[in-house]
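Participant: have a look at this prediction, sequence included:
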Amino acid sequence: QKEVEQDPGPLSVPEGAIVSLNCTYSNSAFQYFMWYRQYSRKGPELLMYTYSSGNKEDGRFTAQVDKSSKYISLFIRDSQPSDSATYLCAMKKSGGGADGLTFGKGTHLIIQP
Amino acid sequence: DSGVTQTPKHLITATGQRVTLRCSPRSGDLSVYWYQQSLDQGLQFLIQYYNGEERAKGNILERFSAQQFPDLHSELNLSSLELGDSALYFCASSALGGLSTEAFFGQGTRLTVV
């Protein structure tokens, strides 16, 4: 079982819809949770990050973390064609030690005009 | 533009060869991370350097090595290349070491091994 599971999609929704993207994870040591957006042939771009459980909102984006269920979500409101991209969840363990990010494999999102 | 510069953008080489990928981090960032992205494995953390010292190791093969120089740029060396090493290689940088959660990615180097 991979540490982070993410449905690869593709997920296709009409413009203006609310999009829900999700990841589950198995390692309870993860404390920092991030969402990256990656356009084709580009590097990942950080969208949101949260520490531990809770919600965080930034414009049309809301990130939720439920550590008890080991489940994180990203919601996109009023979706736009420009939101079409691959969305990657990423996680990092707590503590002062150095650590790279553990990524899900990404969900390919298509917003239909 | 993230401010992280990677060269070259594309690289085609033969099996058994050795290549060097280069990364210049954002101005002021001390930490450099290397990641490999392939279709089957996704984005995998390879190695991290902080201010010239190796800080963390991920799924990096023994055939691969990296270093960070005094001017903070980093190089990833891939040797005895195999077809399965074909992938996108990303460099990311952040201001701090393991405490920073915000890593900024470059545009990647696409390596094709033939």
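Facilitator: Yep, that arrived.

Participant: helices or strands up against the one helix or strand A:Phe33 maps to?
Facilitator: Using DSSP states H and E, A:Phe33 sits in strand A:30-38. On a contact count with 3 or more Cβ pairs under 8 Å, 6 or more residues apart in numbering or on different chains; DSSP states H and E, strand A:30-38 meets strand A:45-51, strand A:61-66, strand A:85-93. Any C-beta I mention is one placed from the backbone N, CA and C, and that applies to glycine too.

Participant: ok, A:Ser73 - contacts?
Facilitator: Residues counted as contacts of A:Ser73 (Cβ atoms under 8 Å, 6 or more residues apart in numbering or on different chains) are A:Ser20, A:Leu21, A:Asn22, A:Cys23, A:Ala63, A:Gln64.

Participant: surely B:Phe90 and B:Leu43 touch.
Facilitator: Yes: under the criterion of Cβ atoms under 8 Å, B:Phe90 makes contact with B:Leu43 at 7.3 Å.

Participant: list the residues that are in contact with both of these two.
Facilitator: Joint contacts of B:Phe90 and B:Leu43 (Cβ under 8 Å, 6+ apart) are A:Pro44, B:Tyr35, B:Gln36, B:Gln37.

Participant: just the local confidence number for the first one, please.
Facilitator: Meaning A:Pro44. pLDDT, A:Pro44: 94.

Participant: check the gap between it and chain B for me.
Facilitator: 5 Å (Cβ to the nearest Cβ, to the nearest Å).

Participant: okay, now the residue of chain A found nearest chain B: neighbour count?
Facilitator: Nearest to chain B, among the residues of chain A, is A:Gly100, at 2.9 Å (Cβ to the nearest Cβ). Using other Cβ atoms under 10 Å in any protein chain shown, A:Gly100 has 25 neighbouring residues.

Participant: please state the backbone phi and psi of A:Pro81?
Facilitator: Main-chain torsions, A:Pro81, degrees, to the nearest 10: phi -50, psi -30.

Participant: so what's it up against?
Facilitator: A:Glu15, A:Ile111, A:Gln112, A:Pro113.

Participant: next SSE downstream of the lowest-mean-pLDDT helix or strand in chain A?
Facilitator: Taking mean pLDDT, DSSP states H and E as the measure, strand A:45-51 is the helix or strand of chain A with the lowest mean score, a mean of 88. Downstream of strand A:45-51, the first helix or strand assigned by DSSP H and E is strand A:54-58.

Participant: and that following strand with strand A:61-66, angle?
Facilitator: Angle of strand A:54-58 versus strand A:61-66, following axes from the mean of the first three to the mean of the last three Cα atoms, to 10 degrees, is 170 degrees.

Participant: so how far is strand A:54-58 from its chain's centroid?
Facilitator: 12 Å (Cα atoms, centre = their mean, to the nearest Å).

Participant: appreciated, that's everything.
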